[in-house]
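Undergrad: what would the 3D arrangement of this be:
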Amino acid sequence: MNRAAVNGPDMTTRALIYIADDEPANRLLLERILAQGGFTRVSSFPDGQSLLTACDQEVPDLVLVDLRMPGVDGLAVLESLRGESAHGYLPVVILTAEPSRDTRKRALSLGAADFLAKPFDFDEVLLRSRNLIETRLLHAALATRIVSLGDEVEARGRAISDVASERAAIAASLDRVSAYDTPETIAAGLCADLAAAIEARHVTLLIFESSERAVSLVAHNARSSADVGYALPLERSLELWQRASAGAWVEEIVARPERGADGERLAASGWRSAIYAPVRSGGRLVGILSAGTAAERSPERLARDLPSVVDYATVCGALLGRTLALRRQASDVRNSLEAVIGERAFRAVFQPILEIGTSKLVGHEALTRFDDGVAPDQRFANATAVGLGLELEFATLQVAIEASRGLPSDTWLSLNVSPTAALAGEPLARLLRQARHPVVLELTEHTAVHDYPALRQAIVDLGPGIRVAVDDAGAGYASMQHVVEVRPDLVKLDISLVRGIDGDRARQALIAGMRYFAEETHCVMLGEGVETTAELRTLQRLGVVLGQGYLLGRPGPPTHRIDGATRPARSRARSLEVSPARGH
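TA: Residues are numbered from 1 along each chain as shown. Okay, the predicted model is just below:
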């Protein structure tokens, strides 16, 4: 078997992924999700045997296999790949709708690394795939490192047996690392092993939250719990940053006046000399590994111990560097978002919604624009990632509702809300009570909805007159199951369906089917992203009642008016009155 070699800074996205599922739709969806995540080497197969044949030619970095398939099913694939797993970590993920307890146990006993539930969640597929691929690459890196250490020990021979012992200790440390350990657990193990290898009294891993703030993540043989999470003074943090940027160093520990309380703390803890080595990730300084001794050591001994500390710092960077860098990035993002929210560094704009047949203005969708030009999707995703999703969402809703008071009184207001915000209950209800227009809630589905009855009840509890729209129908997360479960008043057809629909009979047929659904469920269809007269006329012919897009009006401030020249000619069409919401 030829093993795929994955190297370079983009090694995760260049990983080879195999998919086996007898449903073409599932294979296509997974391929598109992975492609959007940046993965460029994805191959799919209609059955398990085809996947195994491909594995004989080139071993993948990740396998996604359906549990139930004709012929060679997911369990049989697991059984066949056990031999490969014995030579290296090959993650296999089982795709299934509702596995029984016995099936899960059987799959896990055969070596399944994880499960992905159908229907697939975009973020879950990417996160689980990326994590498992990184774990495989980590195992490969560990194996390479162990071999390298073994070769180095063999080359130096018995004449430097003390160095060989230190390298063997590093290999043992790596061997004890589990992919499921937390960063703190991994760091604690490495610090303990380094302390034993060079007979250090204290070993500490400092992380840089910024160039001006260093914090102790783990302290081996700490005097108290206060030594963990301890933030060094500004001057000391800057000094360590500058010195670590130049490389490793050794220093004598004394309570010098310029060190202040930190110098006194180190001296009181029994440190007499210390070795410092930078921890890097992708060339970026993310921390420092320090080893302190209780007795003064000769320059020769410190020089001999220095490479060991550097090696352990390198291992820390390989195993923890990305996590530490992400934590620092998350801290930067959170600080930036808190400033955006606190300063209200954003504004609301409104895009008109028209009846296609009459060109009558019936509503507006509120959209957010940030003062620094960051794309709204990116900013809301960042806010969710650092735990500020609801705070940003409610702040932008407040601004939108306040600004909407300048809109025509005979129109309704469409507000984008996440299911999480809808389920929050009273905080959202308080905001909506301030609105002076009938409200339509556009449910965005950037996260999976696990309890639709609870979501429907939460919307009812928001108060009478609240209507619901499902956004981006026909694309991504907005599956027909989602539309059916939400029971919306409006179904917004995604721009991917509307764009060029006048020349695409397949999409016309799809929307015709959705029109039947809309008529049977008493909801209204709205076409998004209308940019040409041909698209508008086709939507009208297919029975789409409402339209929205640059052809009908661009987003603008609440005093914005639509240029009548851009409106289509009037024709007969079913009108949409601003009416009370029906039950959800």
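
Undergrad: now do the contacts for the residue nearest to Pro70 when sequence neighbours are not counted.
TA: Distances taken as Cβ to Cβ, 6 or more residues apart in numbering put Asp22 closest to Pro70, at 6.2 Å, once the chain neighbours are dropped. For every residue, glycine as well, the C-beta is placed using N, CA and C. Contact partners of Asp22, counting by Cβ atoms under 8 Å, 6 or more residues apart in numbering, are Pro46, Asp47, Asp66, Met69, Pro70.

Undergrad: taking these one by one, which sit in strands?
TA: Residues of the contacts of Asp22 located in strands (DSSP state E): Asp66.

Undergrad: for the stretch 301-450 of the chain, just list every one of the helices.
TA: Remark: helices assigned in the stretch 301-450 of the chain by DSSP state H, counting those that start in this stretch are 376-385, 389-403, 419-423, 426-432.

Undergrad: in JSON lines, list those along with mean pLDDT and mean neighbour count.
TA: Putting the helices of the stretch 301-450 of the chain into JSON lines (pLDDT from 0 to 100; neighbours: other Cβ atoms under 10 Å) gives the following:
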{"stretch": "helix 376-385", "mean pLDDT": "88", "mean neighbour count": "17"}
{"stretch": "helix 389-403", "mean pLDDT": "91", "mean neighbour count": "19"}
{"stretch": "helix 419-423", "mean pLDDT": "88", "mean neighbour count": "20"}
{"stretch": "helix 426-432", "mean pLDDT": "88", "mean neighbour count": "16"}
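
Undergrad: now render the ones you listed as CSV, adding distance to Val470.
TA: Output for those, formatted as CSV (distance: least, Cβ to Cβ, whole Å):
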stretch, distance to Val470
helix 376-385, 18
helix 389-403, 18
helix 419-423, 11
helix 426-432, 18
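
Undergrad: Leu110: which of those helices is closest?
TA: Among these, the nearest to Leu110 by Cβ to Cβ is helix 376-385 (34.2 Å).

Undergrad: packing partners of the closest one?
TA: Judged by 3 or more Cβ pairs under 8 Å, 6 or more residues apart in numbering; DSSP states H and E, the packing partners of helix 376-385 are helix 299-343, strand 361-370, helix 389-403.

Undergrad: okay, those, which one's buried deepest?
TA: Highest mean neighbour count of these: strand 361-370, a mean of 21 (counted as mean count of other Cβ atoms under 10 Å).

Undergrad: thinking again about what came up before, for the helices and strands packed on helix 376-385, which one sits closest to Gly553?
TA: Using Cβ to Cβ, the nearest of the helices and strands packed on helix 376-385 to Gly553 is strand 361-370, at 8.4 Å.

Undergrad: what about Arg554, how many residues nearby?
TA: 14 (other Cβ atoms under 10 Å).

Undergrad: out of the helices and strands packed on helix 376-385, nearest to Arg541?
TA: Nearest of the helices and strands packed on helix 376-385 (Cβ to Cβ): strand 361-370, 20.0 Å.

Undergrad: any idea of the angle that closest one forms with helix 299-343?
TA: With axes from the mean of the first three to the mean of the last three Cα atoms, to 10 degrees as the basis, strand 361-370 and helix 299-343 are set at 150 degrees to each other.

Undergrad: per-residue confidence averaged over strand 361-370?
TA: Strand 361-370 shows a mean pLDDT of 93.

Undergrad: quick one: contacts of that strand?
TA: 340, 345-355, 376, 379, 396, 399-401, 403-404, 407-408, 411-416, 440, 442, 546, 548, 555, 562, 576, 578.

Undergrad: show me just the buried residues among these.
TA: Buried subset of the contacts of strand 361-370 (neighbour count, 16 or more other Cβ atoms under 10 Å): 340, 346, 348-355, 379, 396, 399-401, 403-404, 407, 411-416, 440, 442, 546, 548, 555, 562, 576.

Undergrad: quick one on the thing from earlier: ok, now how distant is the residue nearest to Pro70 from Asp66?
TA: According to Cβ to Cβ, to the nearest Å, Asp22 and Asp66 sit 6 Å apart.

Undergrad: next one: Ser414
TA: 39 Å.

Undergrad: for this protein, give me the ranges with low pLDDT.
TA: 1-11, 83-87, 150, 153-180, 211, 222-227, 253-271, 445-447, 472-479, 560-584 (pLDDT under 70).

Undergrad: how does it divide up, domain by domain?
TA: 2-138, 181-327, 344-566 (automatic domain parsing).

Undergrad: how about those in CSV, adding distance to Leu149?
TA: Shown next, in CSV, are the domains of the chain (distance: least, Cβ to Cβ, whole Å):
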stretch, distance to Leu149
domain 2-138, 16
domain 181-327, 9
domain 344-566, 37
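
Undergrad: can you tell which of the ones you listed is closest to Arg334?
TA: Nearest of the domains of the chain to Arg334, taken as Cβ to Cβ: domain 344-566 at 4.4 Å.

Undergrad: that closest one: how far from the chain's middle?
TA: 24 Å (Cα atoms, centre = their mean, to the nearest Å).
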